[in-house]
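**Q** Everything below, folded, please.
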Amino acid sequence: TNRLRRQYDGLMLNELISTPGVREELALAAPVGVMALHGGLEAGTAEAARRVADSVGASRYAIVQPEDLFWHIPSIRHDPAHSRRLRRFLAHVAFAVSFHGYGRKEHHDTVLLGGRNRVMAEAIGAAITGRSRLRVVTDLDQIPPKLRGVHPANPVNLPPRGGVQVELSTGARTPPHLASVTSAVASVLAAFA
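**A** This is a model prediction of the structure:
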């Protein structure tokens, strides 16, 4: 096994979370939740989830890989059957926001809002637009298919009221922009809670 780089090739969630150095974090609080499934791998995502959860008292679930590990399991392969903590999180929350990162030159300063709860995606989009100069895309037809986050097996869609997948471009994860995004998401979740 190449510890440094491994794309999904049958790698299961239970294998990832049992790998030395990988942290699976769970903090149960309010019935609204924030997630980061690729912490450490997608820079800034675990930090965004922690910042939002701390500011509004939300529940939080994160998987954080150490610096020398770059294993990517697609969200739809994060099977709750393989993680007691993920099951507890999903049983506790009514709605979730999942932070992800992506890198595409044509979307340097762009936030893509996917997931199945389109009402909340629009609300989060409006809040981000009001707090930043980032380009925000909420129209699923304008989001690349692999970044839409609408698959029913995606953990963000499993709570009763579904969720929003927040895909942050490389530029959107830089400190000034990331602070605007987390502030915007927190404002919407505070109103929801």
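
**Q** Next one: the spatially closest residue to residue 65 that is not a sequence neighbour from residue 46, what distance?
**A** Closest residue to residue 65 apart from its sequence neighbours, by Cβ to Cβ, 6 or more residues apart in numbering: residue 40 at 3.7 Å. Backbone N, C-alpha and C define where each C-beta goes, glycine included. Counting by Cβ to Cβ, to the nearest Å, the separation of residue 40 from residue 46 is 7 Å.

**Q** With residue 108 instead?
**A** 22 Å.

**Q** more crowded one of the two?
**A** Per other Cβ atoms under 10 Å, whichever of residue 108 and residue 46 has more neighbours is residue 46, with 24 against 13.

**Q** Thought residue 64 was touching that one, still the case?
**A** Yes. Using Cβ atoms under 8 Å, residue 46 is in contact with residue 64, at 5.0 Å.

**Q** quick check: longest strand of the protein.
**A** Longest strand in the chain, counting residues (DSSP state E): strand 30-39.

**Q** What is the subsequent helix or strand relative to it?
**A** helix 45-56 (DSSP states H and E).

**Q** what's that following helix packed up against?
**A** strand 30-39, strand 58-64, strand 95-101, strand 163-168, helix 175-192 (3 or more Cβ pairs under 8 Å, 6 or more residues apart in numbering; DSSP states H and E).

**Q** repeat that with 7 Å
**A** Secondary-structure packing of helix 45-56 (3 or more Cβ pairs under 7 Å, 6 or more residues apart in numbering; DSSP states H and E): strand 30-39, strand 58-64, strand 95-101, helix 175-192.

**Q** what is the rounded mean pLDDT of the first one?
**A** To tie it back to what came earlier, the one meant is strand 30-39. Averaging pLDDT along strand 30-39 gives 97.

**Q** So what touches it?
**A** Here strand 30-39 makes contact (Cβ atoms under 7 Å, 6 or more residues apart in numbering) with 45-46, 48-49, 52-53, 57-65, 72, 75, 78, 89, 92-100, 155-156, 189, 192-193.
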